[in-house]
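# Make a model of this:
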Amino acid sequence: MSEINSGGIKTIYWSKNYQVEWIKTDDGQNLFSTTPAPVAWEYLLIALFPILGFFIQWGAVRAIGWVATGFIQSSK
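Predicted coordinates for the structure are as follows:
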């Protein structure tokens, strides 16, 4: 527990591994940390979604076109 008494924050409560558990403000509110920070690979995955979306659709159109030309072309 750290007594701050500055900037509207009265007390910060820490966990055993030095992460903020909750913050007590000057007006008596308790603010809890409920959402953990995402790991680095999740940011990379988010950046890859537009690229994957493009290539999946592009590949599907190419595959459908390849199959369609096989039916349309006359056999020799």
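
# show me where this structure has helices.
40-72 (DSSP state H).

# where does it dip in pLDDT?
74-76 (pLDDT under 70).

# so Lys24 bridges to which residues?
Thr11, Asn30 (DSSP bridges).

# Just give the number of residues close to it.
17 (other C-beta atoms under 10 Å). For the C-beta atoms, the positions are set from N, CA and C on the backbone; glycine is no exception.

# Next up, the contacts around it.
Shown in contact with Lys24 (C-beta atoms under 8 Å, 6 or more residues apart in numbering): Ile9, Lys10, Thr11, Ile12, Tyr13, Asn30, Leu31.

# Surely Ser2 and Lys10 touch.
No: between Ser2 and Lys10 there is no contact under C-beta atoms under 8 Å: 10.1 Å.

# Tell me which of these two has more neighbours.
Higher neighbour count among Ser2 and Lys10: Lys10, with 15 against 10, using other C-beta under 10 Å.

# roughly how far apart are the more buried one and Ser33?
16 Å (C-beta to C-beta, to the nearest Å).

# ok, so of the contacts of Lys24, who is nearest Val20?
Ile12 (6.1 Å; C-beta to C-beta).

# And the closest one, how far from Ala37?
17 Å.

# Neighbour count for the two, which is higher?
Using other C-beta under 10 Å, the more surrounded residue of Ile12 and Ala37 is Ile12, with 15 against 8.

# Quick check: that one touching Ile4?
Yes: counting by C-beta under 8 Å, Ile12 touches Ile4, with 6.0 Å between them.

# residues touching Glu21, list them.
Tyr13, Trp14, Ser15, Phe32, Ser33.

# redo that, cut-off 10 Å
Listed by C-beta atoms under 10 Å, 6 or more residues apart in numbering, the contact set of Glu21 reads Met1, Ile12, Tyr13, Trp14, Ser15, Phe32, Ser33.

# so what's the nearest residue to the second one once chain neighbours are set aside up against?
What it means is Ile12. Nearest residue to Ile12, sequence neighbours excluded (C-beta to C-beta, 6 or more residues apart in numbering): Ser2, at 4.6 Å. Listed by C-beta under 10 Å, 6+ apart, the contact set of Ser2 reads Ile9, Thr11, Ile12, Tyr13, Trp14, Val20, Ile23.
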